[in-house]
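Asks: Pasting the sequence and the predicted model now:
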Amino acid sequence: MTKISEAITSLKNGNFVLIHDDDGREDEVDMVVSSNNISPEHIATMRKDAGGLICTAISKEIATKLGLPFIYDVLNIFGTTNQTISSINSNSSPYGDRPSFSVTLNHINTYTGITDRDRALTISSLANICNDLSDYQKDQKTTIEKFRSNFRTPGHVPILISSKGLLNERKGHTEMSIFLTKIANMTNITTICEMLDPHSYKALSYKDAVKYANDNNLVIIEAKDLITYAESFEKQR
């Protein structure tokens, strides 16, 4: 609980939190930051120190309001007339989960969309949209129209959608990061990136991730602790 409290404080302060997935699942560590606090410096740090795919995760509720689908649902429809897409879309991951990927986005004011400044602009602008959707004093239709007119796809920021039941339904980094924002009473949008090892060409080991956290004064938490906390959190509701 102490580590989780520290993680919540770090997120609220705009700092990174490291989350280690279960050993029996991906066994990877992701860097996580609240998208409300995203800056070009955050993107550069994830790009250089983590090295994985920089994605932005949102809750299923927000995705539904924005009309954003899981990409496998889109491909299922296209697969009805394309055997190749139908076949490769039905292949599951080694740990059995369906991917949480949705579409990829660029803000309309970006140029290529890939620079640290461009990606930060896309993510922060999406965070503003999500904030407005979470504020019931704001007109929801106006916010949705603003989203539709200010973003384009495909782009350079992959969007991830959490499962509706979060950790009760799927135990990925998408759900873990969104669950953290939920218990922190923050808008349910995070930016995450897998930490990779440039020497072994594999995922960064947990041991090395702990060293990175200690060297950079960051909090690192375990999936099992978040899952245990989520179970008690739901019982108390």
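Replies: Structure's in. What do you need?

Asks: any chance you could map the strands in this protein?
Replies: 17-20, 29-34, 55-58, 101-107, 151-161, 189-194, 219-222 (DSSP state E).

Asks: for Leu226, what are its contacts?
Replies: Listed by Cβ atoms under 8 Å, 6 or more residues apart in numbering, the contact set of Leu226 reads Ile4, Ile19, Leu167, Met176, Phe179, Leu180. All C-beta spots, glycine's among them, are computed from the backbone N, C-alpha and C.

Asks: center of the protein, which residue is that?
Replies: The chain has Ala57 as the residue nearest its centroid, 2.8 Å off, counting by Cα atoms, centre = their mean.

Asks: contacting residues around that one?
Replies: Contacts of Ala57 were listed using Cβ under 8 Å, 6+ apart, and they are 100, 159-162, 173-174, 177-178, 189-192.

Asks: 10 Å - rerun?
Replies: 30, 32, 35, 63, 100, 102, 158-162, 172-178, 181, 188-192 (Cβ atoms under 10 Å, 6 or more residues apart in numbering).

Asks: For Lys164, see how far away Asn106 is.
Replies: 27 Å (Cβ to Cβ, to the nearest Å).

Asks: again, but for Lys3
Replies: 26 Å.

Asks: So which of the contacts of Leu226 sit within helices?
Replies: Judged by DSSP state H, the subset of those located in helices is Ile4, Met176, Phe179, Leu180.

Asks: can you name the two of the residues you listed that are farthest apart?
Replies: Using Cβ to Cβ, the two most remote members of the ones in helices among the contacts of Leu226 are Ile4 and Met176, lying 10.8 Å apart.

Asks: Between those two, which contacts overlap?
Replies: Val17, Ile221, Glu222, Leu226.

Asks: Next, format the residues you listed as CSV and append distance to Pro154 and pLDDT.
Replies: What follows is the shared contacts of Ile4 and Met176, written out as CSV (distance: Cβ to Cβ, whole Å; pLDDT from 0 to 100):
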residue, distance to Pro154, pLDDT
Val17, 29, 97
Ile221, 33, 93
Glu222, 35, 90
Leu226, 32, 88
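
Asks: Kindly indicate the member of those with the most neighbours.
Replies: Val17 (27 neighbours; other Cβ atoms under 10 Å).

Asks: which residues does that one form a beta bridge with?
Replies: Val32, Val219 (DSSP bridges).

Asks: Report the contact partners of it.
Replies: Each residue near Val17 by Cβ under 10 Å, 6+ apart is listed here: 3-4, 6-11, 30-34, 176-177, 180, 190, 192, 213, 218-221.

Asks: And those, which of them are buried?
Replies: Among these, those that count as buried by neighbour count (16 or more other Cβ atoms under 10 Å) are 4, 7-8, 10-11, 30-34, 176-177, 180, 190, 192, 213, 218-221.

Asks: In whichever helix in the chain runs longest, which residues are buried?
Replies: In the chain, assigned by DSSP H, the helix with the most residues is helix 116-134. Neighbour-count burial for helix 116-134, with 16+ other Cβ under 10 Å as criterion, is recorded at 116, 118-134.

Asks: what do you get for stretch 81-96?
Replies: Applying 16+ other Cβ under 10 Å to stretch 81-96 flags Ile85, Asn89 as buried.

Asks: mind checking how far that stretch is from the chain centre?
Replies: With Cα atoms, centre = their mean, to the nearest Å as the basis, stretch 81-96 stands 23 Å off its chain's centre.
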